[in-house]
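Novice: I need the structure of the sequence given here:
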Amino acid sequence: MGQRGYSKQTRLQPLNAMNKFRKSFLKTIRVASKLASILLGLAALALVIAWISGVFVSKIPPGETAPVARKLEGQATDVVHEIEKDYIEETVGTLKAASRSVISSKILATIQEIRVSAGDFVKAGDLLVTLNTRELEARLQQANERLNGSQAAAREAKSDFERNSRLWEQQAISQREYEESNRKLKVAEADERRAEQEVDEANALLSYSKITAPKSGRIVDRTAEPGDMAQPGKPILTLYDSESLRLETPVLEHLAVKLKIGQVLTVHVDSVDKEFAATIDEIVPQADAASRSFLVKASLPRSGNLYEGMYGRLRIPAGSRHHLCLSTAAIRRIGQLEFVDVVLEDDSLQRRLIKTGRLGMPGRIEVLSGLEAGEKVVLETDTNRSDSNSELRSIEDPDARATGGQR
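Specialist: Numbering: from 1, shown residues only. Here you go, the predicted model:
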């Protein structure tokens with residue numbers, strides 16, 4: 001038995017060794033595969049970084065390229081002129097009505113009818129809103145009844161006083177009875193006057209049930225509807241006088257001090273693309289400390305195209321200034337860069353960057369920098385446009401410049 005067990009254990013030893021070898025081999029393979037994937041990832045990352053940094057792109061060697069001398073060869077030219085021109089400064093503002101009314105009720109009552117809507121024109125005295133009058137009519141009826149009763153009491157007191165006066169003259173009644181009848185007459189007359197005032201008050205309240213337009217103008221807002229409760233001071237309609245529109249705009253100090261009441265200026269309304277003559281009718285005599293400006297109000301003429309709240313620009317003469325003027329045909333552009341070809345004394349051309357300003361008369365533009373008065377510039381025509389385009393391409397691509405503009 002001992003020999004058989006020993007022989008079996010001896011036979012299993014090679015198998016155990018093979019299993020251990022296979023496990024270690026598989027583990028080595030797994031480790032190697034992980035290392036290979038990491039190395040491949042690092043290699044790919046290095047290739048991407050090299051591609052981004054331009055390792056695989058051919059580069060232009062450093063050096064200097066001699067500029068190509070260009071001469072004036074019969075191209076059309078123009079002279080840079082210095083001119084004096086009046087200039088205008090603009091301030092922006094809003095159209096507002098000088099006369100604006102908020103219409104509300106004087107009494108607490110239910111709105112029965114509103115006869116206008118936003119945008120309607122009304123005349124002074126036109127009926128706008130009708131309120132429920134049932135309660136007011138009942139109050140007027142009560143006042144009339146009290147007046148009738150007080151009048152009857154006053155007539156009776158007067159009759160008693162006249163009779164007692166005759167009896168007092170005949171010494172038929174005492175002085176106390178006479179004075180009592182006089183007191184009752186005065187009380188009755190006071191009650192009658194109070195009743196008359198109550199009737200007047202009831203009539204006045206009843207008249208408040210008809211709300212009319214206080215002036216002619218346009219309805220711009222309607223904030224209530226029939227069935228709503230009208231309250232004193234609560235807006236129902238908003239009315240403004242369309243003939244009182246004016247532009248209200250803040251004007252800087254150095255411009256506002258030159259303006260005068262009654263001065264006529266120009267207002268441009270962008271939404272209708274029209275200009276209107278505006279008269280300055282008010283300059284608020286206090287500057288805003290934050291913006292260093294004065295509020296200027298300029299009245300506008302009546303127009304069916306103008307509405308309250310529109311955007312407008314007040315054009316204010318700000319003096320005159322000297323500036324250079326150049327033909328727009330002389331300007332070449334690359335993106336946002338502007339340049340011209342300047343003709344030197346030896347008829348050679350010098351390309352020069354410039355900065356332009358506002359457009360002037362048709363075909364002319366203001367030059368802010370880059371040129372001087374009296375210099376000649378080359379105009380772009382059909383004959384030299386192709387040459388100019390070729391030169392522009394050579395500026396954008398140095399390789400094309402080195403090869404004469406060919407790829």
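
Novice: Check whether residue 111 really touches residue 129, as I assumed.
Specialist: Yes. With contact defined as C-beta atoms under 8 Å, residue 111 counts as touching residue 129 (6.4 Å). From N, CA and C alone the C-beta is placed, and that goes for glycine too.

Novice: what is in contact with the two at once?
Specialist: Listed as contacting both residue 111 and residue 129 by C-beta atoms under 8 Å, 6 or more residues apart in numbering are 230, 236.

Novice: List the contacts of residue 181.
Specialist: Contacts of residue 181 by C-beta under 8 Å, 6+ apart are 157, 160-161, 164-165.

Novice: now do 7 Å
Specialist: Neighbour list for residue 181: 160-161, 164 [criterion: C-beta atoms under 7 Å, 6 or more residues apart in numbering].

Novice: Of the residues you listed, keep whichever come out buried.
Specialist: 160-161, 164 (16 or more other C-beta atoms under 10 Å).

Novice: coming back round to it: neighbour count for residue 111 and residue 129, which is higher?
Specialist: Taking neighbours as other C-beta atoms under 10 Å, residue 111 and residue 129 compare with residue 129 leading, 23 against 19.

Novice: quick one on the thing from earlier: among the buried ones among the contacts of residue 181, which one lies nearest to residue 125?
Specialist: For the buried ones among the contacts of residue 181, the residue nearest residue 125 by C-beta to C-beta is residue 161; the value is 47.9 Å.

Novice: Look at the closest one and give its secondary structure.
Specialist: Assigned with DSSP: H, G, I helix; E, B strand; the rest coil, residue 161 falls in the helix class.

Novice: I'd say it and residue 182 touch.
Specialist: Yes. Counting by C-beta atoms under 7 Å, residue 161 does reach residue 182; the two are 5.9 Å apart.

Novice: CSV please, covering the buried ones among the contacts of residue 181 and showing distance to residue 86 and pLDDT.
Specialist: Converted to CSV, the buried ones among the contacts of residue 181 look like this (distance: C-beta to C-beta, whole Å; pLDDT from 0 to 100):
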residue, distance to residue 86, pLDDT
160, 93, 84
161, 90, 84
164, 96, 83
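
Novice: Between those residues, which sits nearest residue 237?
Specialist: Comparing those against residue 237 with C-beta to C-beta places residue 161 closest, at 54.3 Å.

Novice: Show the contacting residues for that closest one.
Specialist: Residue 161 sits next to 181-182, 185 when contact means C-beta under 7 Å, 6+ apart.

Novice: Tell me the one of those nearest residue 85?
Specialist: For the contacts of residue 161, with residue 85 as the reference and C-beta to C-beta as the criterion, the closest is residue 185, at 91.7 Å.

Novice: what's near enough to touch the closest one?
Specialist: Going by C-beta under 7 Å, 6+ apart, residue 185 touches 157-158, 161.

Novice: swap in residue 184?
Specialist: Counting by C-beta under 7 Å, 6+ apart, residue 184 touches 157, 160.

Novice: In a strand, it, correct?
Specialist: No. Under three-state DSSP, residue 184 sits outside any strand and is assigned helix.

Novice: Do you know the pLDDT at it?
Specialist: The model reports residue 184 with a pLDDT of 86.

Novice: separation between it and residue 153?
Specialist: Distance of residue 184 to residue 153, given as C-beta to C-beta, to the nearest Å: 9 Å.

Novice: Same check on residue 263?
Specialist: Remark: distance between residue 263 and residue 153 (C-beta to C-beta) = 71 Å.

Novice: for residue 241, same thing?
Specialist: According to C-beta to C-beta, residue 241 and residue 153 sit 52 Å apart.

Novice: Please apply the same query to residue 218.
Specialist: Distance from residue 218 to residue 153, by C-beta to C-beta: 54 Å.

Novice: Domain ranges for the chain, per the record?
Specialist: If you go by automatic domain parsing, the domain ranges for the chain are 1-59, 77-81+322-402, 103-237, 241-320.

Novice: Kindly reformat those domains as JSON lines containing distance to residue 97.
Specialist: As requested, the domains of the chain are exported to JSON lines (distance: least, C-beta to C-beta, whole Å):
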{"stretch": "domain 1-59", "distance to residue 97": "64"}
{"stretch": "domain 77-81+322-402", "distance to residue 97": "34"}
{"stretch": "domain 103-237", "distance to residue 97": "8"}
{"stretch": "domain 241-320", "distance to residue 97": "5"}
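
Novice: these two touch, right, residue 78 and residue 330?
Specialist: Yes. Counting by C-beta under 7 Å, residue 330 is a contact partner of residue 78 at 5.7 Å.

Novice: neighbour-wise, which of those two wins?
Specialist: Each of residue 78 and residue 330 has its neighbours counted (other C-beta under 10 Å); residue 330 has more, 23 against 18.

Novice: how about the more buried one, what does it touch?
Specialist: By C-beta under 7 Å, 6+ apart, residue 330 lies in contact with 78, 340, 377-380.

Novice: mind giving me a markdown table with those residues and columns for distance to residue 204, pLDDT and secondary structure?
Specialist: A markdown table is the format used below for the contacts of residue 330 (distance: C-beta to C-beta, whole Å; pLDDT from 0 to 100; DSSP: H, G, I helix; E, B strand; the rest coil):
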| residue | distance to residue 204 | pLDDT | secondary structure |
| --- | --- | --- | --- |
| 78 | 81 | 88 | strand |
| 340 | 81 | 91 | strand |
| 377 | 83 | 90 | strand |
| 378 | 87 | 89 | strand |
| 379 | 83 | 89 | coil |
| 380 | 82 | 81 | coil |
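
Novice: Checking residue 195 next. Helix, strand or coil?
Specialist: Under three-state DSSP, residue 195 comes out as helix.

Novice: how much space is there between it and residue 152?
Specialist: According to C-beta to C-beta, residue 195 and residue 152 sit 11 Å apart.

Novice: likewise residue 225?
Specialist: Remark: distance between residue 225 and residue 152 (C-beta to C-beta) = 46 Å.

Novice: Model confidence for residue 392, exactly?
Specialist: Taking residue 392 on its own, its pLDDT is 48.

Novice: Could you please name the strands the host helix or strand of residue 221 pairs with and the direction of each pair?
Specialist: Counting by DSSP states H and E, the element that carries residue 221 is strand 217-222. Here strand 217-222 is paired, per DSSP bridges, with strand 121-122 (antiparallel), strand 235-240 (antiparallel).
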